[in-house]
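Participant: Coordinates only, no sequence provided:
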């Protein structure tokens, strides 16, 4: 039921007669003025909870995708580090062999 200023004023006048102006002010302060002041209902809160649950599920899926992608990248980096270590070892071995040959022929 839509309220307007005339209806609110009439209600206030009656409340003031019965309760006094201070109590009437207190009561009127708790009544919504228009649709934007309406109190949320349980169904409103339930709808919001449903939306938040869906958002939480979406974030969980995104987090899982992120973690999977991070694990893949981590595995690639570990493989590259192993390959780098092997190449360094083989390079050092080859250089040592070449150095030994050079020393042997020059001695």
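Facilitator: Good, I have the coordinates. Values in this document were obtained by computation on a predicted structure and should not be read as measured data. Numbering: from 1, shown residues only.
Participant: and residue 68, what element?
Facilitator: helix 42-106 (DSSP states H and E).
Participant: Look up phi and psi at residue 31.
Facilitator: Taking degrees, to the nearest 10, you get phi -90, psi 140 for the backbone angles of residue 31.
Participant: Low-confidence ranges, this structure, go.
Facilitator: Counting by pLDDT under 70, the ranges of the chain that qualify are 1-3, 34-38.
Participant: Give me the distance between the most centrally placed residue in it and residue 73.
Facilitator: Nearest to the geometric centre of the chain sits residue 59, at 6.7 Å (CA atoms, centre = their mean). Distance of residue 59 to residue 73, computed by CB to CB, to the nearest Å: 21 Å. Every residue, glycine included, has its C-beta placed from N, CA and C.
Participant: Thought residue 17 was touching residue 23, still the case?
Facilitator: No - if you go by CB atoms under 8 Å, residue 23 and residue 17 don't touch, sitting 11.1 Å apart.
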